[in-house]
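Trainee: No letters, just coordinates:
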């Protein structure tokens, strides 16, 4: 057996011993290298989770980090060197060629033996995730700059289970050269030899359905939210929930989003029917019938998308869905009434059945001290059927929340400065942008609510050209962007103005509708972190139309004007105060 690394390991993290390993050892590591940043962060919060948080929620919720082992960076170094794979990476081959080279390489014998002992004790699906050393040396968090894989781990042949796991580890190793990590700004100036990867092999928390395995709830929770809605404040944070694997939230941007301070409040849709149309309609699960090695080039080889009817047959919707009743256009809690189902997590958020939301608030609060910053957590949850408790809550990942732009400060005096183009105390987002030279706006003198569809056509053409030129712009309009009612604003979808980096809603005497918070487009603004300003024509802060009209137009129609400036404007939004200003 190898000697443990001399440097001190976090409390509760033990060296993997293939001869004595059992599932009671929840957090182990293989090798003498680094655990990588992702695993180290989990280790840092493990003691707080077990000593302070978990006992407070027993017996209703079993709170824990799922069983895992970390293959340290030592194994990565050996794998790369023994198979001469740095030479492969330096030749800059295509991704498929890299994967092919890594999959044909040989995993060190002692690591293979350790992984064989690990899968011999575990028959549930496994998640194989990278834990990068870059994250330890570069400032700020790095989200998903390497690939991850899921392994069904359900084959009767232990050698096949071992091969599937080894192939997943090798795939994660190969991702050091994929376009995503190499194109990341913090990784772009590093050679392949600089990268060091540890790998987390973690139990997937979920339940078996008909040929599939998935959690009832996956979620992402953040300490800070610079797009608060309703009565929520930025430091109330935010939570996004989805049925099935977290891919639905992280990769597709779909989920039920709410503020932990107001768990009973629905997202701001215009109507129950509108909410039904925008709610989750499918979910991702591990396909337990997938054939290993069928598509080794696909990160999602063992994942499959399923419909809500599949979840209904599995019995998963019982505690997370409600029913839409078309006859009175309302949503009622539970799945017993006939009608379309809405994944709204009503039993979790609007009843005392399970103290789920209180747990989320405790985690966001208590985990900030070990990491020394605001945090973002990923989690999964299951319920025993037919009962709701004890539920199982699994903390999967934790990282510092990306708040590097949180230093933005906008004082009251700045809103009335000499060179202010527009200002507002009703903004969303948190950033400072100094690179925008283009302003696209509806002309207030010729604005006509009966011609808003015509204006939409003009805007779409300008947006298409600016996207082609890779130029973000400020977009200023009247009423609600994305409204379904042309008399209340501009009836378009987000794709038609997708190049906008800043979106402004203003009012006119004849168009006094805002905010857009019920519009579909508004949810895209939040998802993509577009800065948002609301400006009233009767308010304290006005738009400097005279200056705008005095600039030479790059293009112009009866309703829309595009100004291309010689010098960039300065956009500042202070997410904590809600103040924002654009100066020329």
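Mentor: All right, it came through fine. Everything numeric in this text was worked out from a predicted model, so none of it was measured. Numbers count the residues shown, from 1 in each chain.

Trainee: immediately after the helix-or-strand element of the chain with minimal mean pLDDT, which helix or strand?
Mentor: Least confident helix or strand, the chain: helix 179-183 with a mean of 44, by mean pLDDT, DSSP states H and E. Sequence-wise, the next helix or strand downstream of helix 179-183 (DSSP states H and E) is strand 197-203.

Trainee: Indicate each strand paired with that following strand and its parallel or antiparallel sense.
Mentor: The pairing partners recorded for strand 197-203 under DSSP bridges are strand 68-71 (antiparallel), strand 126-132 (antiparallel).

Trainee: Which residues does the last one contact?
Mentor: Same thing as strand 126-132. When contacts are defined by C-beta atoms under 8 Å, 6 or more residues apart in numbering, strand 126-132 is touched by residues 35-40, 70, 119, 142, 145-151, 153, 165, 168-169, 171-172, 175, 195-204, 396-397. All C-beta atoms are positioned from the backbone trio N, CA, C, and that covers glycine.

Trainee: run the last query once more with 7 Å
Mentor: For strand 126-132, the external contacting residues (C-beta atoms under 7 Å, 6 or more residues apart in numbering) are 35-39, 70, 142, 145-146, 148-151, 153, 165, 168-169, 172, 175, 197-204.

Trainee: Quick one: mean pLDDT over it.
Mentor: For strand 126-132, mean pLDDT rounds to 93.

Trainee: before we move on, the earlier item: what would the strands paired with strand 197-203 look like in TSV with mean neighbour count and distance to residue 550?
Mentor: Shown next, in TSV, are the strands paired with strand 197-203 (neighbours: other C-beta atoms under 10 Å; distance: least, C-beta to C-beta, whole Å):
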stretch	mean neighbour count	distance to residue 550
strand 68-71	27	62
strand 126-132	26	51
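
Trainee: what would those look like in JSON lines with distance to residue 390?
Mentor: JSON lines is the format used below for the strands paired with strand 197-203 (distance: least, C-beta to C-beta, whole Å):
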{"stretch": "strand 68-71", "distance to residue 390": "21"}
{"stretch": "strand 126-132", "distance to residue 390": "23"}
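
Trainee: Show me where the protein dips below the pLDDT cut-off.
Mentor: 1-8, 134-146, 179-194, 402-406, 513-520 (pLDDT under 70).

Trainee: residue contacts, the spatially closest residue to residue 510 that is not a sequence neighbour?
Mentor: Computed as C-beta to C-beta, 6 or more residues apart in numbering, the closest residue to residue 510 that is not its neighbour in sequence is residue 449, at 6.6 Å. By C-beta under 7 Å, 6+ apart, the contact list for residue 449 reads 487, 510, 511.

Trainee: of all these, which comes closest to residue 53?
Mentor: residue 511 (50.0 Å; C-beta to C-beta).

Trainee: The closest one and residue 485, how far apart?
Mentor: For residue 511, the distance to residue 485 equals 11 Å [C-beta to C-beta, to the nearest Å].

Trainee: More neighbours: which of the two?
Mentor: Legend: neighbour count by other C-beta atoms under 10 Å for residue 511 and residue 485, higher for residue 511 (23 against 13).

Trainee: OK, contacts around that one?
Mentor: The contact partners of residue 511, taken as C-beta under 7 Å, 6+ apart, are 447, 449, 478, 479.

Trainee: Mind doing that once more with 10 Å?
Mentor: By C-beta atoms under 10 Å, 6 or more residues apart in numbering, the contact list for residue 511 reads 442, 444, 447-449, 452, 477-480, 487-490, 537.

Trainee: Quick check: bridge partners of it?
Mentor: For residue 511, the beta-bridge assignment (DSSP bridges) gives partners residue 508.

Trainee: separation between it and residue 267?
Mentor: Taking C-beta to C-beta, one finds residue 511 at 25 Å from residue 267.

Trainee: is it true that residue 347 touches residue 357?
Mentor: No. In this structure, residue 347 is not within contact of residue 357 by C-beta atoms under 10 Å, at 11.7 Å.

Trainee: burial measure for residue 566, as a count.
Mentor: When counting by other C-beta under 10 Å, one arrives at 7 neighbours for residue 566.

Trainee: any idea which helix or strand carries it?
Mentor: With DSSP H and E as criterion, residue 566 is part of no helix or strand.

Trainee: So it versus residue 437, what's the distance?
Mentor: Counting by C-beta to C-beta - residue 566 and residue 437 are separated by 8 Å.

Trainee: same question, residue 221
Mentor: Plainly put, residue 221 is 37 Å away from residue 437 if you go by C-beta to C-beta.

Trainee: In terms of residue numbering, what are the domains of the chain?
Mentor: Using automatic domain parsing, the domains assigned to the chain come out as 1-32+67-202, 48-65+204-401, 408-583.

Trainee: Which one's more surrounded, residue 221 and residue 437?
Mentor: residue 221 (24 against 15).

Trainee: Mind checking what secondary structure the closest residue to the more buried one other than its chain neighbours has?
Mentor: The shortest distance from residue 221 to any non-neighbouring residue, by C-beta to C-beta, 6+ apart, is to residue 239 (4.5 Å). Here residue 239 is recorded as strand under DSSP: H, G, I helix; E, B strand; the rest coil.

Trainee: Do I have it right that residue 239 meets residue 377?
Mentor: Yes. With contacts counted by C-beta under 10 Å, residue 239 reaches residue 377, the gap being 9.5 Å.

Trainee: shared neighbours of those two, which are they?
Mentor: With C-beta under 10 Å, 6+ apart as the test, residue 239 and residue 377 both reach 219, 220, 221, 222, 360, 364.

Trainee: thinking again about what came up before, shared neighbours of residue 511 and residue 485, anything?
Mentor: 449, 452, 479.

Trainee: Looking at those, spot the one nearest residue 339.
Mentor: Looking across these and measuring by C-beta to C-beta, the closest to residue 339 is residue 479, at 33.3 Å.

Trainee: what's the burial count for the closest one?
Mentor: 26.

Trainee: Can you give me every residue that contacts it?
Mentor: 442, 447, 449, 452, 485-491, 505-508, 510-514, 516.

Trainee: Might one say that residue 472 is in contact with residue 528?
Mentor: No. Using C-beta under 10 Å, residue 472 is not in contact with residue 528, being 11.5 Å away.

Trainee: So for the two, which residue has more residues nearby?
Mentor: residue 472 (18 against 12).

Trainee: picking that back up, narrow the contacts of residue 479 to those that are buried.
Mentor: Among those, those scoring as buried are 442, 447, 449, 452, 486, 488-491, 505-507, 511, 513-514, 516 (criterion: 16 or more other C-beta atoms under 10 Å).

Trainee: which of the residues you listed lies closest to residue 583?
Mentor: residue 506 (17.3 Å).

Trainee: That closest one and residue 490 touch, don't they?
Mentor: No. Under the criterion of C-beta under 10 Å, residue 506 is not in contact with residue 490, lying 11.4 Å apart.

Trainee: For the most centrally placed residue in the chain, give its distance to residue 324.
Mentor: The structure's the chain has its C-alpha centroid closest to residue 250; by C-alpha atoms, centre = their mean the separation is 3.7 Å. To residue 324, residue 250 is 27 Å away according to C-beta to C-beta.
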